[in-house]
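# Fold the stuff below for me.
(2 chains, ligands or ions: 2)
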Amino acid sequence: MDFGPYLFLATLEGAVGAAVLALTAVGLSLVFGVMRVVNVAHGEFFMLGAVLAWWVATTVGGHPALGFGVALLVAPVLVAGIAAAVDMTVLKRIEYDPERTIVATIGLLYILQQVTLMTYGPDARPVEPPFNARLALPWVEWAEGGLRMYWPWGLSTTSYKLAVIGAAVVVLLGVWALMARTRIGLLMRATQLDREMALAFGIPVERIYALVFGLGAGLAALGAVLVVPIQQAHYLMGADPLLLSFIVVIIGGLGSLPGTVLAAVLIGLSDGIISVFFSPTLAKILATLLVALVLVFRPRGLFGAQAV
Amino acid sequence: MLRLEGVSAGYGSAQVLRAISLEVQPGEILSLFGRNGAGKTTTMKAIMGLLPLMAGAVQVGGQVISGLPAHRVPGTGVGYIPQGRRLFTELTVAQNIEIGLMAGGQGAAMRARVLDLFPRLAERLDQRAQTLSGGEQQMLATARALCVNPKVLLLDEPTEGLQPSMIAAIRQVVVQMRAQGVAVLLVEQRVDAVLSIADRVAFLENGVIRETLAAEALRADHGLLERYLGV
Ligand SMILES: Nc1ncnc2c1ncn2[C@@H]1O[C@H](COP(=O)(O)OP(=O)(O)O)[C@@H](O)[C@H]1O
Ligand SMILES: [Mg+2]
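Ligands and ions are numbered 1, 2, ... in the order given. Just a heads-up that it's a prediction; the model follows:
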């Protein structure tokens, strides 16, 4: 393959990663933005989404599309419920103290991992994609007389991967609409801006927190359900999404949703492209380096510090 | 209407208020006076349920509110204009007002009434609160509290850093609220403002109420004025 088509392919792979990363990182960003909680267990909610997706899909059986469809609805809701329960029983009790929440969520990370290992086991298990048509992709080249379209050998993707990108875009637009256009979004933003004044004006901050913690975890779980037909579910799969989400949230500007999405696209795409042409390790090194540079030169993130 | 009985409160284990008792009648302005750090803001936060009480109770209209979770306090009819305004700065004027309306379970009628009081806000509904001038921000903080339809209004240094014309506008609203039977607890540092508007003045010193006097008596007796207000 020539360079052009090859780069196109790498970009497409990167876009799938970016889509899932954007969902996961927006969940982390939301929790940090509204609650000022650094959720170290965020990657485990991602993992839980994937594992529950496998469990739901296997339990439902039948056509892959049926199992996957049910998993897509049930797994994120279950994970959101678990997270909301953790918020109300653990985080609320330690009064959202910044240091203690970090310790508590580290504890939660190990609990979720070990419980998954004890029940689900150490194996990596796939979920069948609901549909998976191979799509050959065209490319253009200069021929005498102008541009000519052709189908290079090996330049293809699957309908499922394109659907993942589409689904992520739809869900992110939904999150944006929730925050910017609904009453509950208004309450969430007011809580983010001034918790004490939110209370003084009747906003049930504790309920908002449980909702936001659940929503954040649910978004990670949704990203995981989308990725599990491509990547398999495994009890240790939460580490990479956690690291990358932290990178994205720092680069995007802590708590800023548009910044987080932009940073996820940047990191996801470059991760995909650099991994294809060079190596995945180099991609992680560069991303981490970028974080270091951002922290030194633009501690409020590359994309400004506007809230929501 | 508003009644504090032996209220002690503070931050963590550090006690600031020591057995504060005071009462504000409907249609009365009680001014809470004291130097910086005396505990005026802390008193307001204690009323709003934003600080746990170490002792004592707060009542509004005969109902004990000090056991309620903080977010249930505004619903009992308490409007709060905090020191430094504390608007939801990234939200628009309209959204700040909407949050006030929700707090008091109010609707379009109250919104229209409040915007009538502050036509400058009505012209700037879609502007972000942080882009307003200082005076307009104070108007919005006041409007947000009035949207609750308060029986009790708490104002913490509402004229701090404002131009005279703005101070007059805020004052007019406070007097209007009193005429409508609202119980007003006003923290104000400027002696002339206190004397001209308050019905009674409570002197707070190191978290203790030293004395509560009728403003009339202070206006009449220069000796008293000197003793308590230091002028
Ligand atoms: N968030 C806080 N944490 C700890 N101490 C505080 C806090 N806020 C105020 N204080 C202390 O409480 C005392 C009373 O403060 P405050 O009520 O704000 O005074 P005032 O409003 O009368 O100027 C002061 O000694 C102040 O240092
Ligand atoms: Mg004060």
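
# Just to check, A:His234 is in contact with A:Val127?
No. Counting by CB atoms under 8 Å, A:His234 does not reach A:Val127; the two are 12.0 Å apart. C-beta here means a position set from N, CA and C on the backbone, and glycine is covered the same way.

# Between these two, tell me which one has more neighbours.
Higher neighbour count among A:His234 and A:Val127: A:Val127, with 24 against 19, using other CB atoms under 10 Å in any protein chain shown.

# quick one: secondary structure of the more buried one?
coil (DSSP: H, G, I helix; E, B strand; the rest coil).

# Now it: phi and psi?
Backbone torsions of A:Val127, given as degrees, to the nearest 10, read phi -110, psi 130.

# now check the longest helix anywhere in chain A, is it near chain B?
Taking DSSP state H as the criterion, chain A has its longest helix at helix A:3-35. No. Helix A:3-35 does not reach chain B (CB under 8 Å from any CB of the partner chain); its nearest approach is 11.3 Å.

# Nearest to chain B: which residue in the stretch 201-308 of chain A?
A:Gly202 (3.4 Å; CB to the nearest CB).

# Could I get the average pLDDT for the following helix or strand past the longest helix of chain A?
Note on helix A:3-35: by DSSP states H and E, the next helix or strand toward the C-terminus is helix A:42-60. If you average the pLDDT over helix A:42-60, you get 97.

# Packing partners of helix A:42-60?
For helix A:42-60, the contact count by 3 or more CB pairs under 8 Å, 6 or more residues apart in numbering or on different chains; DSSP states H and E identifies helix A:3-35, helix A:64-86, helix A:98-119, helix A:205-231, helix A:239-252 as packing neighbours.

# what helices or strands is the third one leaning on?
I take that to be helix A:98-119. helix A:42-60.

# Can I get the helix or strand B:Arg178 falls within in PDB? Just the C-alpha atoms.
Using DSSP H and E, B:Arg178 maps to helix B:164-179. This file holds the C-alpha atoms of helix B:164-179, laid out as PDB (Å, rounded to 0.1, in the frame of the first residue of the first chain):
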ATOM      1  CA  PRO B 164     -23.900  55.400  45.600                       C
ATOM      2  CA  SER B 165     -26.600  55.000  43.000                       C
ATOM      3  CA  MET B 166     -26.500  51.300  43.200                       C
ATOM      4  CA  ILE B 167     -26.500  51.400  47.000                       C
ATOM      5  CA  ALA B 168     -29.700  53.500  46.800                       C
ATOM      6  CA  ALA B 169     -31.300  51.000  44.500                       C
ATOM      7  CA  ILE B 170     -30.500  48.000  46.800                       C
ATOM      8  CA  ARG B 171     -31.700  50.000  49.800                       C
ATOM      9  CA  GLN B 172     -34.900  50.800  48.200                       C
ATOM     10  CA  VAL B 173     -35.600  47.100  47.500                       C
ATOM     11  CA  VAL B 174     -34.800  46.200  51.100                       C
ATOM     12  CA  VAL B 175     -37.200  48.900  52.400                       C
ATOM     13  CA  GLN B 176     -39.800  47.600  50.000                       C
ATOM     14  CA  MET B 177     -39.400  44.100  51.400                       C
ATOM     15  CA  ARG B 178     -39.800  45.300  54.900                       C
ATOM     16  CA  ALA B 179     -43.000  47.100  53.900                       C
END
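
# does ligand 2 sit close to the next helix-or-strand element following it?
Elements were assigned by DSSP H and E; along the chain past helix B:164-179, the next helix or strand is strand B:183-187. No. Remark: strand B:183-187 sits outside contact range of ligand 2, by CB under 5 Å from the ion, the gap being at least 6.6 Å.

# for whichever residue of chain B sits closest to ligand 2, phi and psi?
Nearest residue of chain B to ligand 2: B:Thr41, at 3.2 Å (CB to the ion). Main-chain dihedrals, B:Thr41, degrees, to the nearest 10: phi -60, psi -40.
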